[in-house]
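Asks: Only the shape, not the letters, is given here:
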């Protein structure tokens, strides 16, 4: 598969995270001749947090993780590691009772392989849905993976969870926390989709900072709203979306117990840098994407309203096809603002393409020249800013254009 | 332009409506060598009702109609006609103060041409947005149109309001009401969109039944939920969507004053037949459409929830591209149900393609054979039924597939 034209031009350096070791291997779940299982061991004494799809038809591993988090409160078992097992090729979604059996069997096997409790094993699966997960194949490689765990296997882990992604997605950042240097590193997959796969978005982020479970969960939840939940490729939500964040505490900082602790501002920034970077890479690998587009909305009644308006623009097929056609069609932006169901003052609305003022006072700007807009649209990184003129709410989301290649990927190939 | 492959194979017979006369002509608003203005005169003593886009950026004519309806309560002026003026080629949307001036000027001119009050002139405009409406060109043809009004000019009127529609859309039905035969006839346009036009949906329906304004408004509002508001081509909402319903009372029935009057059941059925037929024709002319698809949802918590789930399926790009590819990809249906934000029981969900049971009990049906689903998908009229297993709510919506042609129309041609 050709790598997306929007892929990062350099391979990022990923710093190891003290207490985290990784391994990847080939279990033959569906694909041949490639790694399709990722195992992570997170040292005893760690905390874990998670955010998940809100789909009413979520997969067996999502339900399992939600139960495990609720039961443990995000703490690892006393003196034992946390484990994350992820496979690609099969989503174990819409598989009824059999799906639950597969999850239970995998937890048992992974707990045995890494000497921990079954409830400390977190899982994610991505790939075809409606087919039984061949969990025995995964179980068959767990001992070998456990024996090969390494603090440096980030690239291999990121590659093993890919489905139709055209490049592995990794990010890393450091910060100072209470006098200690702390590291945040992670990887993600999405949002390439090919029949019958779905837009599963998975993210796994690790830090050596000491953060109490409740604070970790709050930080993850809040940041997701500005990162993984602020991107859209085609408005479709998968049954399997999962982001996990684990904190080993091995950096030795005094534990952070409040998410809003001012002393943790640098850490929160590093976390956000990694989360946003991974989210952006997912958009950059959107199916058929040729443009990376930032949609900023200001002047809304609330931040929530601004987010809704921004998503209405980002998800509009008419807007997305206009970007694909390099058409500075601001009328479609007006339409999308109007349909969002949030307050907007038509006569105070302004629209900018980059720094170009396109519309204001309910009409095209007097200074606007169509050829300027058309020239701007030829870039592959675009920014649209809309002020809706009713309040102080603001939000930013990221998306890509809608091209023939999207139709090819999703319609032309039979499942 | 090639006529949609899903267009009706026959030209419908449209019955005249006593009290309604129509004319169409060429004002050169934007297009050359075609009619682009439609004028309707509705006899004194008539009632009128309207439903409109909920867009926050709705057009000047929409705002005008809403004001006129509110001011008159839906009654025509004493002893004077109601008038409807519609142009294609320019939507008079996002045109600021100039848009309001155009609407006022047109109302004045039409009222003078047909000897009525300005507040009795209803307007709709469809076409390019953000450009000033050349209203003087329309005013210039009004006298000639008034002189040529005819009870039979339905085809011409329907053709004059087309933008990128590939065929005119008309429907007609009769019913018995309190011993009298009453007629319902109408026409519509949409949802062909071509840069920089938008998915404007316009519908104009007329009857000779005697229906009081309040009852007429209630009937129109309720029926719209099952007709024009139950269709979607690409989830985008225009600034200009307008449906008007006028009742002349010239059939001579005892006036209906309650929308739910049992004696008016036949009339409501005729109204629905016309409204649904016009709505279906709009979907059949969806940009690039090759499949006409009915999505039925049962077993939801409420009818409203069922409607939301049905629209989530109908608007999903992954579902729509699967239909385009004739791919019986039921996993995407599961995904769309899950993302709708409404209650669904994953383990009681069932999915049918036509009469073929595809999934039940949270998994693919034991009787289902992929080749049956694939054969079904080759048809050009498809029905998907989903039972979500939690209640008695039900709804039906109609949509079309998402094809390369949609991208071509909306991305490949520059505005």
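Replies: Yep, it's here. Nothing here was measured: the structure is a model prediction, and the numbers come from that model.

Asks: for the stretch 201-350 of chain A, which spans come out with low pLDDT?
Replies: A:233-237 (pLDDT under 70).

Asks: Get me the contact residues on it for chain B.
Replies: Applying CB under 8 Å from any CB of the partner chain, we find that the stretch 201-350 of chain A lies next to chain B at A:234-239, A:315-318, A:321-322, A:324-327, A:329-332, A:334-344, A:346-347, A:349. All C-beta spots, glycine's among them, are computed from the backbone N, C-alpha and C.

Asks: do that again at 7 Å, thanks
Replies: Residues of the stretch 201-350 of chain A lying close to chain B (CB under 7 Å from any CB of the partner chain) are A:234-239, A:316-318, A:321-322, A:324-325, A:327, A:329, A:331, A:334-335, A:337-339, A:343-344, A:346-347.

Asks: Break chain A down into its domains, please.
Replies: A:20-284, A:292-412 (automatic domain parsing).

Asks: Now those domains in TSV, please, with extra columns for mean neighbour count.
Replies: Shown next, in TSV, are the domains of chain A (neighbours: other CB atoms under 10 Å in any protein chain shown):
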stretch	mean neighbour count
domain A:20-284	22
domain A:292-412	21
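
Asks: the strands in the stretch 51-200 of chain A, which residues?
Replies: A:82-90, A:121-128, A:169-177, A:180-189 (DSSP state E, counting those that start in this stretch).

Asks: likewise the stretch 201-350 of chain A?
Replies: In the stretch 201-350 of chain A, the segments counted as strands under DSSP E, counting those that start in this stretch are A:202-207, A:231-232, A:242-247, A:292-300, A:350-353.

Asks: List phi and psi for the nearest residue to residue A:59 once chain neighbours are set aside.
Replies: Spatial nearest neighbour of residue A:59, excluding adjacent residues (CB to CB, 6 or more residues apart in numbering or on different chains): residue A:93 at 3.6 Å. Phi and psi for residue A:93, reported as degrees, to the nearest 10, are phi -120, psi 140.

Asks: separation between residue A:118 and residue A:386?
Replies: Per CB to CB, to the nearest Å, residue A:118 is found 49 Å from residue A:386.

Asks: correct me, but residue A:404 touches residue B:407?
Replies: Yes - with contacts counted by CB atoms under 7 Å, residue A:404 reaches residue B:407, the gap being 5.2 Å.

Asks: rewinding a little: which one, of the strands of the stretch 51-200 of chain A, ends up nearest to chain B?
Replies: Nearest to chain B among the strands of the stretch 51-200 of chain A is strand A:121-128 (7.7 Å), distances taken as CB to the nearest CB.

Asks: Which elements pack onto that closest one?
Replies: helix A:60-72, strand A:82-90, helix A:96-113 (3 or more CB pairs under 7 Å, 6 or more residues apart in numbering or on different chains; DSSP states H and E).

Asks: among those, which is nearest residue A:162?
Replies: strand A:82-90 (6.2 Å; CB to CB).

Asks: hmm, back to that, could the domains of chain A go into a markdown table alongside distance to residue B:297?
Replies: Shown next, in a markdown table, are the domains of chain A (distance: least, CB to CB, whole Å):
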| stretch | distance to residue B:297 |
| --- | --- |
| domain A:20-284 | 13 |
| domain A:292-412 | 21 |
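
Asks: Could you dump the helices and strands packed on strand A:121-128 into CSV and include mean pLDDT and distance to residue A:311?
Replies: Listed next are those as CSV, based on pLDDT from 0 to 100; distance: least, CB to CB, whole Å:
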stretch, mean pLDDT, distance to residue A:311
helix A:60-72, 96, 22
strand A:82-90, 96, 28
helix A:96-113, 96, 30
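
Asks: do you know which of the ones you listed lies nearest chain B?
Replies: Using CB to the nearest CB, the nearest of the helices and strands packed on strand A:121-128 to chain B is helix A:96-113, at 3.9 Å.

Asks: What lies in contact with the closest one?
Replies: A:59-61, A:64, A:83, A:85, A:92, A:117-118, A:120-121, A:123, A:132-133, A:135, A:138-139, A:142-143, A:146, B:347, B:361-363 (CB atoms under 7 Å, 6 or more residues apart in numbering or on different chains).

Asks: Just give me how far that helix sits from the chain centre.
Replies: Distance, stretch centre to chain centre, for helix A:96-113: 25 Å (CA atoms, centre = their mean, to the nearest Å).

Asks: Contacts only, for the residue lying closest to residue A:249 once chain neighbours are set aside.
Replies: Distances taken as CB to CB, 6+ apart place residue A:210 nearest to residue A:249, at 3.5 Å, with adjacent residues excluded. Counting by CB under 7 Å, 6+ apart, residue A:210 touches A:247, A:249, A:251, A:253, A:255, A:256.

Asks: The closest residue in space to the fifth one that isn't next to it in sequence and residue A:250, how far apart?
Replies: What sits nearest to residue A:255 in space, not counting adjacent residues and going by CB to CB, 6+ apart, is residue A:210, at 4.1 Å. For residue A:210, the distance to residue A:250 (CB to CB) stands at 8 Å.

Asks: cool, residue A:217 as well?
Replies: According to CB to CB, residue A:217 and residue A:250 sit 20 Å apart.

Asks: The residue nearest to residue A:309 when sequence neighbours are not counted: what's it in contact with?
Replies: Closest residue to residue A:309 apart from its sequence neighbours, by CB to CB, 6+ apart: residue A:340 at 4.4 Å. Residues near residue A:340 by CB under 7 Å, 6+ apart: A:308, A:309, A:312.

Asks: make it 10 Å
Replies: Applying CB atoms under 10 Å, 6 or more residues apart in numbering or on different chains, one finds that residue A:340 lies in contact with A:297, A:300, A:305-313, A:315-316, A:388, B:55-57, B:237.

Asks: and if you look at residue A:353?
Replies: When contacts are counted by CB under 10 Å, 6+ apart, residue A:353 touches A:328, A:330, A:333, A:359, A:368, A:372-377, A:379, A:382-385.

Asks: On the pLDDT front, check it for me.
Replies: According to the prediction, residue A:353 has pLDDT 97.

Asks: biggest helix in chain A, by residue count?
Replies: With residue count as the measure and DSSP state H as the assignment, chain A has helix A:265-284 as its longest helix.

Asks: Quick one: list the elements packing against it.
Replies: If you count contacts as 3 or more CB pairs under 10 Å, 6 or more residues apart in numbering or on different chains; DSSP states H and E, helix A:265-284 packs onto strand A:169-177, strand A:180-189, strand A:202-207, helix A:213-226, strand A:231-232, strand A:242-247, strand A:292-300, strand A:393-400.

Asks: how does it look with 8 Å?
Replies: Counting contacts by 3 or more CB pairs under 8 Å, 6 or more residues apart in numbering or on different chains; DSSP states H and E, helix A:265-284 packs against strand A:169-177, strand A:180-189, strand A:202-207, helix A:213-226, strand A:231-232, strand A:292-300, strand A:393-400.

Asks: any chance of the helices and strands packed on strand A:121-128 in JSON lines, plus distance to residue B:71?
Replies: Converted to JSON lines, the helices and strands packed on strand A:121-128 look like this (distance: least, CB to CB, whole Å):
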{"stretch": "helix A:60-72", "distance to residue B:71": "54"}
{"stretch": "strand A:82-90", "distance to residue B:71": "62"}
{"stretch": "helix A:96-113", "distance to residue B:71": "59"}
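
Asks: Any stretches of the stretch 51-200 of chain A with poor pLDDT?
Replies: Low-confidence segments of the stretch 51-200 of chain A, defined by pLDDT under 70: A:191-199.

Asks: now do 90
Replies: A:53-58, A:93-97, A:127-131, A:163-166, A:190-200 (pLDDT under 90).

Asks: Stretch A:19-38: end-to-end distance?
Replies: In stretch A:19-38, first residue to last residue: 17 Å (CA to CA, to the nearest Å).

Asks: Does at least one residue of that stretch sit close to chain B?
Replies: No - figure legend: stretch A:19-38 not in contact with chain B (CB under 8 Å from any CB); closest approach 14.1 Å.

Asks: tell me how far that stretch is from the chain's mean position?
Replies: Using CA atoms, centre = their mean, the offset of stretch A:19-38 from its chain centre is 20 Å.
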